[in-house]
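Novice: based on what follows, work out the 3D shape:
(2 chains)
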Amino acid sequence: MPDNLTPLMRTDHKIILDFIEPKSKVLDLGCGDGTLLSLLFQKKSCRGTGIEIDEKAIYECMAKGLTVSHGDIDTGLADYSDKRFDYVILNESLQQVLHPKKVILESLRVGKKIIVGIPNFCHVRARFQIFFQGRVPVTKELPFQWYDTPNLRFLSLKDFRYFCRNNAITILHEKGIIGQKTICCRPNLFAHTGLYLLEKQT
Amino acid sequence: MTPLDLNNIETQYFTFAHPPDELILESKETLGPITLAYETYGELNKNKSNAILVFHALTGDANAAGYHTGAKKPGWWDAMIGPGKAFDTNKYFVICSNVLGSCKGTTGPTSMSPKTGKPFGLSFPVVTIQDMVAAQKCLIDHLGIKKLLSVAGGSMGGLQALKWAVIYPDYVASTIAIATNTRHTAQQIALHEVARQAIMSDPDWQNGDYYGKSIPARGLALSRMIGHITYMSEQSMEEKFGRKLIGKERLGFDFSHDFEVESYLKYRADNFVQRFDANSYLYLSKSLDYFDLAEDADLKTVFSKARCSFLVISFTSDWLYPSYQSKQMVKALKANDLDVSDIEINTNYGHDAFLVEVEGQSKLISHFLDRISKEITYA
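Specialist: Next up is the predicted model:
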């Protein structure tokens, strides 16, 4: 496909684009500089808005012609009424929120479906570091030392599946990502990142 | 036609509401004829779709940008309005009018009453933000504009922008509300009341009937000093003045000015007295205090009338119009599924930031307007 954006597109973004139906209304929680939202607007004719805490990132979103709200994820969802969005996206942000359970349930309230992307803290390399070095893992994908990490929550794909089961959330899709590729075999061991398409059981 | 470089700008005048078709004010009193002083910058395009109405704050005027012939200072929002600036006059047709009740060319307490042939003074009716906006609407109709690309303003200007969005929703494609709120709070009213009392307790005020006599300069200066304090933040005052002494090496142990901040306030206030009318200050501050967008309803219900996109900007150190008030506004806008972008800019400049923080605001506003223009073109 002749497309100058695709080669540069991040794997997680590609998967999220596949998850989302065209012309959907989306809310991107922790939208950063708006790269994903911008892709969704251009390639999927989506509309919607982002929420972002970093002031500098707000300017970048606005420069991309996006609608963006300056605020934190923990409190930002209360403003919206039920099922306002087709999709709520929580990519690479869930592990940094104060009340992840509340945020997920709130996202399922305002969105018909939600997309959650989480780093896998039980990736094989992390397990090796814990087991053989006796140290909390610091890897390329989890680059932070314990004293300066923005992450408040440490979980694996398996932990997340348990969470969904216990909270009446249906996993419509699970994708494990390793580097630029998706993997199907034992994602909880090999995937750096997990991406989920979720829906609330009725 | 406005010169593109915004030199030799001239104020224009539009007179309407001639009796018996006077403007009916919110107070149910009538007023007419009314003259609005206004200026325009840039060119109105063929289908009249590139017009932006900007609103000045409490003591501003129609000269938002560019230089009047011989003027040393440009308009009050010149940093934001002009070729290549946030409100790019190469693309947009920018209009600014002086508000009803002011003293900068628009009908107000200094104008001649048609009944008495003397200045209105206190016989001028109390006007509200809604009345100001109703008068502006007459100007926009006169210019033949059916839809404004944007209505934009900071502080009192923001109140007018919000009022436009809810009472003339069909006329507004977008609203830019900066350092503003949806209702004046007790603290804001209290600060204004102190300023009004300063004017009214000046013996020269004479119940507002001082025209042609000595003006209530001390009262007006005092009210402006109070105002100036509210426009700055503790940090910005500390950075600008600290405890620096003025014209002396050590404390004087008397009641002359010791500190630089004292003489600054006096200097600014004395300047202000030369350029502003005390009665207008009373009327305009009253219009702010009366402002409550929601009135008896709740904010969500009021904004259900709006249909445009919003950009809401607030500032961390603004204690006169604190950010949380903007956030409440944003909440109500979101509850109505309106398209709203908002930002709280980190700054030490206090309420003044809306005039001072040019770089960040320019980016936000120019990109926002770009998007709105495109949406209008494709719609």
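
Novice: where does residue A:94 land on pLDDT?
Specialist: Model confidence at residue A:94, given as pLDDT, is 89.

Novice: equivalent analysis for the one 3 residues further on, please.
Specialist: Note on residue A:97: pLDDT of 90.

Novice: could you report the neighbour count for it?
Specialist: 19 (other Cβ atoms under 10 Å in any protein chain shown). C-beta: built from backbone N, CA, C; applies to glycine.

Novice: which phi and psi values does it adopt?
Specialist: phi -90, psi 160 (degrees, to the nearest 10).

Novice: how far away is it from residue A:78?
Specialist: 14 Å (Cβ to Cβ, to the nearest Å).

Novice: nearest residue to residue 137 other than its sequence neighbours?
Specialist: All of this is about chain A. residue A:126 (3.5 Å; Cβ to Cβ, 6 or more residues apart in numbering or on different chains).

Novice: oops, wrong one, chain B.
Specialist: residue B:168 (6.1 Å).

Novice: separation between that neighbour and residue B:162?
Specialist: Residue B:168 is 11 Å from residue B:162, by Cβ to Cβ.

Novice: who has more neighbours out of these two?
Specialist: Using other Cβ under 10 Å, the more surrounded residue of residue B:168 and residue B:162 is residue B:162, with 28 against 20.

Novice: would you mark the buried spots in the helix or strand of chain A with the lowest mean pLDDT?
Specialist: Within chain A, no helix or strand scores below helix A:73-76, which has a mean of 87 by mean pLDDT, DSSP states H and E. By 16 or more other Cβ atoms under 10 Å in any protein chain shown, the buried positions in helix A:73-76 come out as A:73-74, A:76.

Novice: would you agree the residue nearest to residue B:137 is in contact with residue B:138?
Specialist: No. With contact defined as Cβ atoms under 8 Å, residue B:168 does not reach residue B:138; the gap is 11.5 Å.

Novice: wasn't residue B:122 part of a strand?
Specialist: No. In this structure, residue B:122 is helix, not part of a strand, as judged by DSSP: H, G, I helix; E, B strand; the rest coil.

Novice: right, and it touches residue B:210 too?
Specialist: No. With contact defined as Cβ under 8 Å, residue B:122 does not count as touching residue B:210 (10.5 Å).

Novice: just send the buried residues of helix A:73-76 back as TSV, with distance to chain B too.
Specialist: Converted to TSV, the buried residues of helix A:73-76 look like this (distance: Cβ to the nearest Cβ, whole Å):
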residue	distance to chain B
A:73	14
A:74	14
A:76	9
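
Novice: need the contact list for the spatially most central residue of chain A.
Specialist: Residue closest to the average C-alpha location in chain A (Cα atoms, centre = their mean): residue A:91, at 1.4 Å. By Cβ atoms under 8 Å, 6 or more residues apart in numbering or on different chains, the residues touching residue A:91 are A:12, A:16, A:28, A:30, A:36, A:115-117, A:195.

Novice: and of the residues you listed, the nearest to chain B?
Specialist: residue A:28 (13.3 Å; Cβ to the nearest Cβ).

Novice: after the helix or strand the closest one falls within, next one along is what?
Specialist: Taking DSSP states H and E as the definition, residue A:28 sits inside strand A:25-29. For strand A:25-29, the following helix or strand on the C-terminal side (DSSP H and E) is helix A:35-44.

Novice: C-alpha coordinates for that following helix, CSV please?
Specialist: Coordinates of each C-alpha in helix A:35-44 appear next as CSV, following Å, rounded to 0.1, in the frame of the first residue of the first chain:
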residue,chain,number,x,y,z
THR,A,35,0.4,10.7,17.3
LEU,A,36,-2.1,7.9,17.7
LEU,A,37,-5.2,10.1,17.7
SER,A,38,-3.8,11.8,14.6
LEU,A,39,-3.4,8.4,12.9
LEU,A,40,-7.0,7.4,13.8
PHE,A,41,-8.3,10.7,12.4
GLN,A,42,-6.4,10.3,9.1
LYS,A,43,-6.6,6.6,8.5
LYS,A,44,-9.8,5.6,10.1
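
Novice: quick check: residues of chain B near chain A?
Specialist: For chain B, the residues in contact with chain A (Cβ under 8 Å from any Cβ of the partner chain) are B:309, B:327, B:330-331, B:334-335, B:337, B:339-346, B:360, B:363-364, B:367-368, B:370-371, B:374.

Novice: just the buried ones from those?
Specialist: For the residues of chain B next to chain A, buried by 16+ other Cβ under 10 Å: B:309, B:327, B:330-331, B:334-335, B:339-345, B:360, B:363-364, B:367-368, B:371.

Novice: please enumerate the strands of the chain.
Specialist: Defaulting to chain A. Secondary structure of chain A by DSSP state E: the strands cover A:25-29, A:47-52, A:68-70, A:85-91, A:111-119, A:169-178, A:181-183, A:193-200.

Novice: that's the wrong chain, I wanted chain B
Specialist: B:12-16, B:23-24, B:30-31, B:34-41, B:51-55, B:81-82, B:87-88, B:93-97, B:150-154, B:174-178, B:309-315, B:340-345.

Novice: so which of these is the most surrounded?
Specialist: With neighbours defined as mean count of other Cβ atoms under 10 Å in any protein chain shown, the strands of chain B peak in mean count at strand B:150-154, which reaches a mean of 29.

Novice: what packs against that one?
Specialist: Applying 3 or more Cβ pairs under 8 Å, 6 or more residues apart in numbering or on different chains; DSSP states H and E, one finds that strand B:150-154 contacts strand B:51-55, helix B:156-167, strand B:174-178, helix B:358-378.

Novice: as a markdown table, these with distance to residue B:85 would be great.
Specialist: Below are the helices and strands packed on strand B:150-154 laid out as a markdown table (distance: least, Cβ to Cβ, whole Å):
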| stretch | distance to residue B:85 |
| --- | --- |
| strand B:51-55 | 12 |
| helix B:156-167 | 17 |
| strand B:174-178 | 14 |
| helix B:358-378 | 7 |
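
Novice: what's the least confident stretch among the ones you listed?
Specialist: helix B:358-378 - the lowest mean pLDDT of the helices and strands packed on strand B:150-154, at a mean of 94.

Novice: if we can go back for a sec, of the strands of chain A, which is nearest residue B:351?
Specialist: strand A:68-70 (18.6 Å; Cβ to Cβ).

Novice: returning to that earlier point: looking at residue B:122 and residue B:210, which one has more neighbours?
Specialist: Counted by other Cβ under 10 Å, residue B:122 and residue B:210 do not tie: residue B:210 has more neighbours, with 19 against 15.

Novice: how close does that one get to chain A?
Specialist: Plainly put, residue B:210 is 47 Å away from chain A if you go by Cβ to the nearest Cβ, to the nearest Å.

Novice: now do the contacts for that residue.
Specialist: B:121, B:204, B:216, B:278.

Novice: the second one contacts residue B:211, correct?
Specialist: Translated: residue B:204. No. Look at residue B:204 against residue B:211 with Cβ under 8 Å: they stay out of range, at 11.4 Å.

Novice: for residue A:130, which non-adjacent residue is spatially closest?
Specialist: Spatial nearest neighbour of residue A:130, chain neighbours left out: residue A:137 (6.1 Å); criterion: Cβ to Cβ, 6+ apart.
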